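**Student:** what follows is a protein structure lacking sequence information:
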Ligand SMILES: Cc1ncc(COP(=O)(O)O)c(C=O)c1O
């Protein structure tokens, strides 16, 4: 193990033994290089003749760049072309943290780390898995999850998923979570949650959120050491009044010494910049010393350094300018309204035709996000229906985990009824 990792671990172990114990072997080995190129460059920052930097500079010390490319971008080349740094642009990290608190008032007064910038949420999930999951570990997860978790977490890190049914009737099956967190041998328990959920488009109601929080707390009180991974990819897109608008992370942050909550979020879906590749990893524990957060941030930055090295600078700069723009909130609200209007249309179409459709399919509970799912009647072959929809009805859907997922986020309002009618016809033909 690198001596820097050994030193970091000694400090972390003495200040926060529970957090240290949650780390995987790779997490223990992770460190941010304090000698070597990065730190030597840092030390030389501001020198008159600086021959450390791994980029090219013009004679006036501005970054070398292709003029025709720079003309396409309305930003200072310094904010575009150089590396952004492994943890991300410092102002961006601070801004995102303050935005997290604005969007999650439950975080007010609670301690969290500074968010570390990742190359979007997939990368955040990968780094989190690297730092906290050893081969053979088990992740407790509801059975409706983003399919890429299989490749990104389960197969990449050789872990098992202990799944419980997502739903119970019209709401969530929290008994499944409770059974796994409160029963069985006491030890390390890793839980992954994603709300608004992909594929279901479901977010816990306020009551369900309270229940989730109390289950996690009760499990911690039993002596379990809990790592709660909150994938907040679709954060903010909640369309019903009784649904909790805050992240599980905000409710669970600081709940008990035995709980480390990790928020994986970012601009991808929240700000409609899927290709920008900007996400964040943020930590929250109870009464953690600021140094503990710094150590976790260093280990995370180490994971970034040894994977993509740093997230894109241009994307961070563009987003930072946008977040500070006076029209940002208004513009974002307009897009929320667009998606909510489609959600309302889905509800209206199902209210009108749901009885007829129910011969072949029924909606699963949904209240948020980009998607909703329908469960097919017994005997229907979802994949065959999906193919008929493409071939005969010019309509694309996803068949996953035994249900059909409809991304109404991508369907024009006027086409939503037709989408369901096409599905109905395709089912009818297949029967
Ligand atoms: C639940 C969930 N988490 C994470 C991601 C990955 O997002 P990103 O594009 O930021 O890597 C997705 C993308 O579809 C998702 O649905």
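**Tutor:** Arrived safely, thanks for sending. All values reported here derive from a predicted model rather than from experimental measurement.

**Student:** when you work out contacts or count neighbours from here on, use the C-alpha atoms and nothing else.
**Tutor:** Fine.

**Student:** quick one, strands of the stretch 101-250 of the chain?
**Tutor:** 116-118, 138-142, 160-164, 167-168, 171-172, 188-194, 225-231 (DSSP state E, counting those that start in this stretch).

**Student:** for the fourth one, which strands pair with it and how are they oriented?
**Tutor:** Within its sheet, strand 167-168 is paired with strand 171-172 (antiparallel), according to DSSP bridges.

**Student:** hmm, back to that, would a markdown table of the strands of the stretch 101-250 of the chain with mean neighbour count be doable?
**Tutor:** Formatted as a markdown table, the entries for the strands of the stretch 101-250 of the chain read as follows, by neighbours: other CA atoms under 10 Å:
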| stretch | mean neighbour count |
| --- | --- |
| strand 116-118 | 31 |
| strand 138-142 | 21 |
| strand 160-164 | 17 |
| strand 167-168 | 16 |
| strand 171-172 | 18 |
| strand 188-194 | 21 |
| strand 225-231 | 24 |
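
**Student:** make JSON lines out of the ones you listed and add mean pLDDT and distance to the ligand.
**Tutor:** Formatted as JSON lines, those follow (pLDDT from 0 to 100; distance: least, CA to the nearest ligand atom, whole Å):
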{"stretch": "strand 116-118", "mean pLDDT": "98", "distance to the ligand": "9"}
{"stretch": "strand 138-142", "mean pLDDT": "98", "distance to the ligand": "12"}
{"stretch": "strand 160-164", "mean pLDDT": "98", "distance to the ligand": "16"}
{"stretch": "strand 167-168", "mean pLDDT": "96", "distance to the ligand": "17"}
{"stretch": "strand 171-172", "mean pLDDT": "96", "distance to the ligand": "17"}
{"stretch": "strand 188-194", "mean pLDDT": "98", "distance to the ligand": "6"}
{"stretch": "strand 225-231", "mean pLDDT": "98", "distance to the ligand": "6"}
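
**Student:** may I ask which helix or strand of this protein has the lowest mean pLDDT?
**Tutor:** helix 36-43 (a mean of 83; mean pLDDT, DSSP states H and E).

**Student:** and the protein, which residues reach the ligand?
**Tutor:** Residues of the chain lying close to the ligand (CA under 6 Å from any ligand atom) are 120-122, 146, 194, 198, 231, 233, 268, 274.

**Student:** just the buried members of those residues?
**Tutor:** Buried by 16 or more other CA atoms under 10 Å: 120-122, 194, 198, 231, 233, 268, out of those.

**Student:** for the stretch 301-431 of the chain, which residue gets nearest to the ligand?
**Tutor:** Nearest residue of the stretch 301-431 of the chain to the ligand: residue 370, at 9.1 Å (CA to the nearest ligand atom).

**Student:** the stretch 251-400 of the chain now?
**Tutor:** Closest approach between the stretch 251-400 of the chain and the ligand, counting by CA to the nearest ligand atom: residue 268, at 4.7 Å.

**Student:** for that residue, give me its contacts.
**Tutor:** By CA atoms under 8 Å, 6 or more residues apart in numbering, the contact set of residue 268 is 120-121, 233, 274-279.

**Student:** domain map for this structure?
**Tutor:** 3-32+86-323, 329-430 (automatic domain parsing).

**Student:** figure out how far the last one is from the centre of its chain.
**Tutor:** Translated: domain 329-430. Relative to the centre of its chain, domain 329-430 is centred 24 Å away, using CA atoms, centre = their mean, to the nearest Å.

**Student:** that one: end-to-end distance?
**Tutor:** 46 Å (CA to CA, to the nearest Å).

**Student:** equivalent analysis for the longest one, please.
**Tutor:** As for domain 3-32+86-323, its first-to-last residue distance stands at 40 Å under the measure CA to CA.

**Student:** ok, now how distant is the residue nearest the centre of the chain from residue 171?
**Tutor:** For the chain, the residue sitting closest to the mean C-alpha position, by CA atoms, centre = their mean, is residue 231 at 3.3 Å. To residue 171, residue 231 is 20 Å away according to CA to CA.

**Student:** picking up where we left off before, which residue sits closest to the residue nearest to the centre of the chain, ignoring its sequence neighbours?
**Tutor:** In this structure, residue 231 finds its nearest non-sequential neighbour in residue 194, 4.5 Å apart by CA to CA, 6 or more residues apart in numbering.

**Student:** touching, the one you found and residue 232? I think so.
**Tutor:** Yes - look at residue 194 against residue 232 with CA atoms under 8 Å: they come within range, at 5.9 Å.

**Student:** contacting residues around stretch 8-26?
**Tutor:** Under CA under 8 Å, 6+ apart, the answer for stretch 8-26 is 28, 31, 130-134, 188, 225-227, 257-258, 260, 288-289, 292, 295.

**Student:** quick one: buried ones out of these?
**Tutor:** 28, 31, 130-134, 188, 225-227, 257-258, 260, 288, 292, 295.

**Student:** among those residues, which lie within helices?
**Tutor:** Taking DSSP state H as the definition of helices, the buried ones among the contacts of stretch 8-26 contribute 28, 130-132, 292, 295.

**Student:** pick the most buried one from the domains of the chain.
**Tutor:** Counting by mean count of other CA atoms under 10 Å, domain 3-32+86-323 has the highest mean neighbour count of the domains of the chain, with a mean of 20.
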